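**Q** model this:
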Amino acid sequence: MQKINKRLLGQTAIVTGANSGIGEAIAYSLGREGANVIINYISHPEKAEEIAHNISNEDCCGTAIAIKCDVSKEDQVINMFKRAIDHFGTVDICVPNAGLQRDASLHEMKLEDWQLVLDVNLTGQFLCAREAIREFLRRGMRPEVSSSLGKIIHTSSVHQIIPWAGHANYAATKGGIVMLMESICQEYAPYKIRCNSIAPGAIKTPINKEAWDTQEAIDKLNKLIPYKRIGIPEDVGSTAAWLASDESEYINGTTIFVDGGMTCYPGFTENG
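**A** Okay, here's the model as predicted:
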């Protein structure tokens with residue numbers, strides 16, 4: 001279990017897609033550091049409420065509430081932030097994490113599947129980042145809790161730089177997140193807003209269960225990972241907690257790859 005350092009006491013975080021997988025791990029990690037956490041979900045409300053209960057009542061130092069919101073819908077994102085601010089007073093950390101896949105060969109991909117992935121994976125990150133920045137600027141500095149005006153931590157993927165045949169819509173959104181994140185940094189760093197991305201590699205989550213559900217599948221996957229193990233959501237969660245803390249205050253506009261070395265292209269270890 002992650003060591004509890006209480007680096008985020010007095011701060012509030014919104015984590016989208018937080019009722020499973022990487023989002024769930026990030027929510028727990030921030031809660032264990034003392035943050036109040038909004039558990040955003042679109043389905044399985046019972047799981048979101050369970051996570052909120054655990055953060056509020058178990059080993060975590062913060063409290064949490066669950067809020068349903070489709071991050072691709074502007075009015076719902078605005079309402080989620082309003083409810084978070086009404087409940088906790090402000091928002092200090094935004095983790096736009098919600099994402100999905102609708103995979104197909106490009107010549108067979110339906111327009112609605114292309115559009116849905118862009119709406120959730122990229123437009124959703126824009127809407128959440130925009131509302132976070134609006135709140136940071138409205139509220140002003142809180143030096144008693146953080147050296148930064150606010151923190152945005154996008155969830156991207158190794159596929160922001162590794163092409164992925166059969167997943168063009170997904171990869172396109174992850175590439176777009178990089179430019180979104182870096183543009184936010186360039187524009188808002190003078191206000192002491194920090195914006196970074198975490199790019200997970202192969203992480204054991206429900207979205208990619210077929211890639212790790214058998215030993216044969218794991219052995220195949222490990223050929224792509226120099227470290228020779230699939231990641232777990234907590235690998236990403238602990239990285240997010242550190243990025244949200246003042247320990248990383250001078251880190252802005254960058255991507256941290258949490259991938260066991262996948263982006264080092266292990267297929268070239270024997271000259272390709």
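**Q** And the contacts of stretch 117-130?
**A** With Cβ atoms under 8 Å, 6 or more residues apart in numbering as the test, stretch 117-130 has contacts from 14, 16, 71-72, 74, 77, 94, 96, 98-102, 152, 154, 169-170, 172-174, 176-177, 180, 184, 195. For every residue, glycine as well, the C-beta is placed using N, CA and C.
**Q** Only the buried members of the residues you listed: can you turn that into a ChimeraX selection?
**A** Selection of buried members from the contacts of stretch 117-130 for ChimeraX, criterion 16 or more other Cβ atoms under 10 Å:
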select :14,16,71,72,77,94,96,98,99,100,101,102,152,154,169,170,172,173,174,176,177,180,184,195
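**Q** mind checking the end-to-end distance for stretch 151-164?
**A** With Cα to Cα, to the nearest Å applied, stretch 151-164 spans 30 Å between its terminal residues.
**Q** Measure how far it is from the centre of its chain, please.
**A** Relative to the chain's own centre, stretch 151-164 is displaced by 9 Å; criterion: Cα atoms, centre = their mean, to the nearest Å.
**Q** pLDDT averaged over it, what's the number?
**A** Averaging pLDDT along stretch 151-164 yields 97.
**Q** residues of that stretch that come out buried?
**A** Neighbour-count burial for stretch 151-164, with 16+ other Cβ under 10 Å as criterion, is recorded at Lys151, Ile152, Ile153, His154, Thr155, Ser156, Ser157, Val158, His159, Gln160, Ile162, Trp164.
**Q** Can you list phi and psi of the residue nearest to Arg229 when sequence neighbours are not counted for me?
**A** The shortest distance from Arg229 to any residue other than its chain neighbours is 6.4 Å, reached at Gly260 (Cβ to Cβ, 6 or more residues apart in numbering). Dihedral angles phi and psi of Gly260 (degrees, to the nearest 10) take the values phi 60, psi 20.
**Q** Contact partners for Gly260?
**A** Gly201, Ala202, Ile225, Pro226, Tyr227, Lys228, Arg229, Ile230, Gly231.
**Q** Relative to Ala241, which of these is nearest.
**A** Gly231 (15.8 Å; Cβ to Cβ).
**Q** need the contact list for that closest one.
**A** Contacts of Gly231 by Cβ under 8 Å, 6+ apart are Pro200, Gly201, Ala202, Ile203, Lys204, Val258, Asp259, Gly260.
**Q** give me the number of residues near the third one?
**A** Under the neighbour criterion other Cβ atoms under 10 Å, Ala202 is assigned a count of 20.
**Q** How about the second one?
**A** By the other Cβ under 10 Å criterion, the neighbourhood of Gly201 contains 23 residues.
**Q** Could you do the fourth one as well?
**A** For Ile203, the number of neighbouring residues by other Cβ under 10 Å comes to 23.
**Q** cool, and the first one?
**A** Other residues within reach of Pro200, judged by other Cβ under 10 Å, total 23.
**Q** dump the residue contacts of it.
**A** Counted by Cβ under 8 Å, 6+ apart, Pro200 has contacts Ile22, Thr155, Ser156, Ser157, Val158, Gly231, Asp235, Val236, Val258, Asp259.
**Q** partner residues bridging it?
**A** Beta-bridge pairing for Pro200 (DSSP bridges): Val258.
**Q** Can you tell me the element Asn196 falls in?
**A** Using DSSP states H and E, Asn196 falls within strand 193-200.
**Q** Buried residues, that strand. List them.
**A** Ile193, Arg194, Cys195, Asn196, Ser197, Ile198, Ala199, Pro200.
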